[in-house]
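Undergrad: Fold the following for me, if possible:
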Amino acid sequence: MSEDEQTRRWKLKLLLDESYEWPCEYLFKFIVPIDQLPHIVIILNGFHIIEKPSSGGKYISVSAKKVLTSSDEVLKIYESVKVIKGIISL
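TA: Numbering: from 1, shown residues only. Below you'll find the model as predicted:
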């Protein structure tokens, strides 16, 4: 992990800890190419997931929520989904 990535991760962790009281329900939002949907569904196993296809059918919006116990869990999910080709984290 580069120094810039470490700094961004640290800042996000601080922001999450200032904004949320753990444990709490956390909502993730992603946009993924439709062919990558199975990959994100595997990563988000156990989450309540809502999918909404784009009007053109090439992408799908994925909202996923679950009670998490810490900002570290949130960061772990963001790290896990980074490997999905074409994903956009919102």
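
Undergrad: quick one: secondary structure of Ile84?
TA: coil (DSSP: H, G, I helix; E, B strand; the rest coil).

Undergrad: tally of neighbours for it?
TA: Using other Cβ atoms under 10 Å, Ile84 is surrounded by 19 other residues. C-betas here are computed from N, CA, C, even on glycine.

Undergrad: ditto for Leu27
TA: 12.

Undergrad: Specify the local secondary structure of it.
TA: Under three-state DSSP, Leu27 falls in the strand class.

Undergrad: so how far is Pro33 from the residue of the chain most remote from its centre?
TA: What lies farthest from the middle of the chain is Gly56; by Cα atoms, centre = their mean that is 22.9 Å. Taking Cβ to Cβ, to the nearest Å as the measure, Gly56 falls 11 Å from Pro33.

Undergrad: which helices and strands sit right next to the longest helix belonging to the chain?
TA: Longest helix of the chain, by residue count under DSSP state H: helix 3-19. Under the contact definition 3 or more Cβ pairs under 8 Å, 6 or more residues apart in numbering; DSSP states H and E, helix 3-19 sits against helix 71-81.
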